[in-house]
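Peer 1: What would the 3D arrangement of this be:
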Amino acid sequence: MVTAIVLMTIRRGQVQTTAAQLAELPGVAEVYSVGGRFDLVAILRVADNDRMADAVTRQLAALETIEQTETLLAFQSFSRHDLESMFSIGN
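Peer 2: Coordinates of the predicted model:
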């Protein structure tokens, strides 16, 4: 499983529409509207690097309301849920 976090700047007035379109794309697990330098953050989860390349360079690029992106590839995942599960073994 390959995970990426995609930070996006969206054309003015198109955040809600773009978020809904993103949420329908294969491989897009979650979409968040955020404050700060970026307008939307999408979490992508796909089977392999080829599918990630397709999702970012073809599917996201097809949405004309996305003005700019920055893609972060995840190496490892850490969450409270994962840590609690790990330390509860044998209890």
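
Peer 1: Can you show me the helices along this protein?
Peer 2: Taking DSSP state H to define them, one finds helices in the chain at 15-23, 49-54, 80-87.

Peer 1: which of the residues in the second one are buried?
Peer 2: By neighbour count with 16 or more other Cβ atoms under 10 Å, helix 49-54 contains the buried residues 51-52. No exception for glycine: its C-beta is placed from N, CA and C like everyone else's.

Peer 1: quick one: contacts of that helix?
Peer 2: By Cβ atoms under 8 Å, 6 or more residues apart in numbering, the surrounding residues in contact with helix 49-54 are 2, 4, 27, 44, 46, 73.

Peer 1: Just name the closest of these to R11, please.
Peer 2: When the contacts of helix 49-54 are compared for distance to R11 (Cβ to Cβ), L44 comes out closest, at 20.7 Å.

Peer 1: Excluding chain neighbours, what is closest to the closest one?
Peer 2: A4 (4.6 Å; Cβ to Cβ, 6 or more residues apart in numbering).

Peer 1: Pretty sure that neighbour sits against L73.
Peer 2: Yes. Contact status for A4 versus L73: in contact at 5.2 Å, counting by Cβ atoms under 8 Å.
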